[in-house]
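Enquirer: One predicted model, sequence on top.
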Amino acid sequence: MKSRATSVAKSAGEFARAEAAAKFIRARTRLRPAIAVVLGSGLGAFADELESPARIPYPRIPNFPRSTAVGHAGQLLIGKTSGIPVAAMQGRVHLYEGYSPAEVVFPVRALRRLGIRAVILTNAAGGVNLSFQQGALVLIRDHINLLGANPLTGPNDERFGPRFPDMSEAYDRNFRNAARAEARRLDIPIHEGVYAAVPGPSYETPAEIRYLRAIGADLVGMSTVPEVIAARHLGMHVLGISCVTNMAAGILDRPLRHEEVLETGRRVGGQFIALLRAVIPRIAADLQA
């Protein structure tokens with residue numbers, strides 16, 4: 001009984017911690033964004049394009065986890081793109097860094113308390129689908145959670161969301177349609193697929209990649225899914241975009257290197273930034289409809 005009471009108290013404390021983080025962020029900018037972007041490995045350059053942003057390193061934000069992964073700058077920027085206020089996270093934290101599921105999704109919960117209603121979650125992913133090429137941009141249609149963990153495990157705080165949130169359309173169909181239309185207008189090749197999340201930090205074996213392909217995965221990575229679950233629990237709308245920074249194990253006859261992931265992210269940065277700039281006004285209009 002004591003353990004149950006402790007868990008309930010911890011859940012209630014999580015809401016207060018998220019509120020404290022949001023209050024700290026709110027005091028450092030006059031902007032009140034409704035859209036956030038989480039930038040994955042090698043994809044942080046979009047945040048540097050924001051107009052006159054407020055820059056807040058994660059360690060300064062109360063209760064915010066610190067990113068330790070290479071390629072994750074670890075700061076929150078709040079500025080404008082195309083005249084629209086946006087909160088951009090340069091980097092995230094992962095289970096493989098030793099964080100708990102609740103810590104991994106804490107930034108999403110804090111952003112919701114800040115007033116964020118839609119989040120664009122981006123990542124660097126391995127290409128499982130043989131039709132993808134290195135550097136491809138892929139809209140995430142659905143996911144497979146192979147992390148062995150769910151951030152909603154434990155007592156539920158109804159102030160965040162319902163006990164059993166629906167995940168039948170975790171990735172917003174309207175947002176995907178808008179992103180596809182803007183990519184076509186900009187002549188940016190775009191794909192769509194299913195993302196499988198695995199714990200890492202080791203890359204997958206060729207046998208594991210064959211398994212992932214057999215169960216319907218097009219992409220594989222070590223992030224995003226916990227944040228999507230938490231965002232949907234919070235009632236936030238989600239657009240997911242993967243950059244295929246490497247082909248998965250066994251497809252190409254060479255070892256996988258994180259440096260290759262970062263280099264590919266930088267190489268496709270121009271297209272990635274152009275797509276985000278184009279789709280954010282469409283999302284903003286959808287939120288106002």
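Expert: Alright, I've got the coordinates.
Enquirer: Show me the strands in the stretch 51-200 of the chain, by range?
Expert: Using DSSP state E, counting those that start in this stretch, the strands of the stretch 51-200 of the chain run over residues 51-57, 75-81, 84-90, 118-127, 137-145, 190-197.
Enquirer: quick one: low-confidence ranges for the protein?
Expert: Under the criterion pLDDT under 70, the flagged ranges of the chain are 1-12, 69-72, 248-262, 264-266.
Enquirer: which residue is nearest the middle of it?
Expert: Leu121 (3.0 Å; CA atoms, centre = their mean).
Enquirer: With Ser202 as the reference, measure out to that residue.
Expert: Distance of Leu121 to Ser202, given as CB to CB, to the nearest Å: 23 Å. To be clear about C-beta, it is placed using only N, CA and C from the backbone, and glycine gets the same treatment.
Enquirer: cool, and Gly126?
Expert: Distance from Gly126 to Ser202, by CB to CB: 12 Å.
Enquirer: which of those two has more neighbours?
Expert: Ranked by neighbour count (other CB atoms under 10 Å), Gly126 and Ser202 place Gly126 first, with 27 against 10.
Enquirer: thinking that one is in contact with Leu219, fair?
Expert: Yes. Counting by CB atoms under 8 Å, Gly126 touches Leu219, with 6.8 Å between them.
Enquirer: Which residue is the nearest non-sequential neighbour of Gly235?
Expert: In space, and not counting its chain neighbours, Gly235 is closest to Gly161: 6.3 Å by CB to CB, 6 or more residues apart in numbering.
Enquirer: which residues touch that neighbour?
Expert: By CB atoms under 8 Å, 6 or more residues apart in numbering, the contact list for Gly161 reads 232-235.
Enquirer: 7 Å instead?
Expert: By CB atoms under 7 Å, 6 or more residues apart in numbering, Gly161 lies in contact with 233-235.
Enquirer: May I ask which of the residues you listed has the most neighbours?
Expert: When neighbours are counted by other CB under 10 Å, His233 leads these with 24 neighbours.
Enquirer: Next one: that residue from Ala88, what distance?
Expert: From His233 to Ala88 the distance is 22 Å (CB to CB).
Enquirer: do Ser52 as well
Expert: Applying CB to CB to Ser52 and Ala88 gives a distance of 13 Å.
Enquirer: When the two are compared, which one has more neighbours?
Expert: Shown here are Ser52 and Ala88; by other CB under 10 Å, Ala88 has more neighbours (25 against 9).
Enquirer: Apart from its chain neighbours, what residue comes closest to that one?
Expert: Ala47 (3.9 Å).
Enquirer: what kind of secondary structure is that neighbour in?
Expert: What DSSP: H, G, I helix; E, B strand; the rest coil gives for Ala47 is helix.
Enquirer: hang on, isn't it packed against Gly79?
Expert: No. With contacts counted by CB atoms under 7 Å, Ala47 stays clear of Gly79, the gap being 8.0 Å.
Enquirer: And those two? Which one has more around it.
Expert: Counted by other CB under 10 Å, Ala47 and Gly79 do not tie: Ala47 has more neighbours, with 26 against 21.
Enquirer: Distance check, the more buried one against Ser82.
Expert: Counting by CB to CB, the gap from Ala47 to Ser82 is 15 Å.
Enquirer: do the same with Leu186
Expert: On the measure of CB to CB, Leu186 and Ser82 end up 14 Å apart.
Enquirer: what does Pro101 give?
Expert: Where Ser82 is concerned, Pro101 sits at a distance of 34 Å (CB to CB).
Enquirer: higher neighbour count, those two?
Expert: Using other CB under 10 Å as the criterion, Pro101 and Ser82 rank with Pro101 on top: 19 against 12.
Enquirer: Can you give me every residue that contacts the more buried one?
Expert: Pro101 touches 95, 149-151, 153, 226, counting by CB under 7 Å, 6+ apart.
Enquirer: So which of those residues wins on neighbours?
Expert: Ranking the contacts of Pro101 using other CB under 10 Å puts Pro226 first, with 26 neighbours.
Enquirer: Now Leu152. Nearest residue, chain neighbours left out?
Expert: His233 (5.9 Å).
Enquirer: Surely the one you found and Asn150 touch.
Expert: No. Look at His233 against Asn150 with CB under 7 Å: they stay out of range, at 10.1 Å.
Enquirer: How far does stretch 171-188 sit from its chain's centre?
Expert: Chain-centre distance of stretch 171-188: 17 Å, with CA atoms, centre = their mean, to the nearest Å.
Enquirer: just stretch 120-130 next, same as before
Expert: The answer for stretch 120-130 is 11 Å, by CA atoms, centre = their mean.
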